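Engineer: Sharing a model that was predicted from the sequence below.
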Amino acid sequence: MKEKQTNWHQWQDWVAQAGKGLGLVLDDYKIGNLERFAEELLEAGERLNLTSVEDPLEIAENLMLDSMVPAKFIASGARVLDLGTGAGIPGIPMKIAFPELDLTLIDSRRKRISFVGYAIRRLGLENICARHVRAEDLAGEDQKFDVVVSRAVTSLAELMNLAAPLLKPGGVLMAMKGRGYETELEDAGLGKQVGEGGRVRLEKYRLPGLGIDRVVVMVKADL
């Protein structure tokens, strides 16, 4: 539904209803902040080539609502690292929907992390920071997190290597994946560790408008 002039009132209504379908409770304040972030993404996307998504509803669903789903499985007050945040995805939508989370967003590309820092200030978000740093260098600072979350960055096997030194004992890597995640599980040696009593938990869901199947692959850190 790409339009020259977006009807943001309809956009907000759609986000609220679609959010309910995904088990997300979004009040007017949160939806208003999501709208402001969407506007910033649309404007900066043209100038800085941050994202190829130009349709406001696709931004709402494929970037924002999708980003919030993993946070449903994160304990309140947890310290969370968004590894390879890009344009602030999934970290900023997660923070808007679940403000009690303590979030650090990192990316190795200065242009993108500069935008993320600007967006955080523009939205008035607190207890969240954006850093221009590689995961390997952050690990050298002895930083530890309850959760490392990542979306569309690299393979599950590589994510496990990057996240391992950044997770507290018993922490969780949350990798947001689509089709082909089963192959990634096998490649990472986790194919037989899925389910009750195993190291891996899967939370599957479908984006309602796009009809895209998604999964959060949750891998417990070694104790």
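Structural biologist: Received the coordinates, thanks. Values in this document were obtained by computation on a predicted structure and should not be read as measured data.

Engineer: average pLDDT across stretch 189-201?
Structural biologist: Taken as a whole, stretch 189-201 has an average pLDDT of 88.

Engineer: 429 is where my numbering starts, stick with that
Structural biologist: Noted, 429 is the first residue going forward, which turns the last one into stretch 617-629.

Engineer: Does anything pack onto the longest helix anywhere in the chain? Which helices or strands?
Structural biologist: Among the segments of the chain that qualify as a helix by DSSP state H, the longest is helix 456-476. Counting by 3 or more C-beta pairs under 8 Å, 6 or more residues apart in numbering; DSSP states H and E, the packing neighbours recorded for helix 456-476 are helix 436-449, helix 519-525, helix 538-551. Yep, even glycine has a C-beta here, placed from its N, CA and C like the rest.

Engineer: Residue 596 is nearest to which of the ones you listed?
Structural biologist: Residue 596 sits nearest to helix 519-525 of all the helices and strands packed on helix 456-476, at 18.5 Å, using C-beta to C-beta.

Engineer: Who are the packing partners of that closest one?
Structural biologist: If you count contacts as 3+ C-beta pairs under 8 Å, 6+ apart, helix 519-525 packs onto helix 456-476, helix 494-496, strand 507-511, strand 530-535, helix 538-551, strand 556-560.

Engineer: nearest to residue 522, of those?
Structural biologist: Here helix 494-496 is closest among the helices and strands packed on helix 519-525 (C-beta to C-beta), at 5.7 Å.

Engineer: what comes into contact with the closest one?
Structural biologist: Outside helix 494-496, the residues within contact range by C-beta atoms under 8 Å, 6 or more residues apart in numbering are 447, 450, 452, 517-522, 525-526, 579, 604, 635, 642.

Engineer: Tell me the gap between that helix and the middle of its chain.
Structural biologist: From the chain centre to the centre of helix 494-496 is a distance of 6 Å (C-alpha atoms, centre = their mean, to the nearest Å).

Engineer: Check the separation of the first and last residues in stretch 492-501.
Structural biologist: With C-alpha to C-alpha, to the nearest Å as the measure, stretch 492-501 spans 16 Å from end to end.

Engineer: now do stretch 544-563
Structural biologist: Terminal-residue distance, stretch 544-563 (C-alpha to C-alpha): 17 Å.

Engineer: And that stretch, what's buried?
Structural biologist: Neighbour counts over stretch 544-563 (16 or more other C-beta atoms under 10 Å) mark 544, 545, 547, 548, 551, 553, 556, 558, 559, 561, 563 as buried.

Engineer: quick revisit: lowest average confidence across the helices and strands packed on helix 519-525, which one?
Structural biologist: Among these, helix 456-476 scores lowest, with a mean of 89.

Engineer: Run through who's touching it.
Structural biologist: So helix 456-476 is in contact with 436, 439-440, 443-444, 454, 478-482, 484, 487-488, 491-492, 515-516, 520-521, 524-525, 539-540, 543, 546-547, 550-551, going by C-beta under 8 Å, 6+ apart.

Engineer: one more time with 7 Å
Structural biologist: For helix 456-476, the surrounding residues in contact (C-beta atoms under 7 Å, 6 or more residues apart in numbering) are 436, 439-440, 443-444, 478-479, 482, 484, 487-488, 492, 515, 520-521, 524-525, 539, 543, 547, 550-551.

Engineer: Show me how to select, in ChimeraX, the buried members of the residues you listed.
Structural biologist: Selection of the buried residues among the contacts of helix 456-476 in ChimeraX, burial being defined by 16+ other C-beta under 10 Å:
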select :436,439,440,443,444,478,479,484,487,488,492,515,520,521,524,525,543,547,551
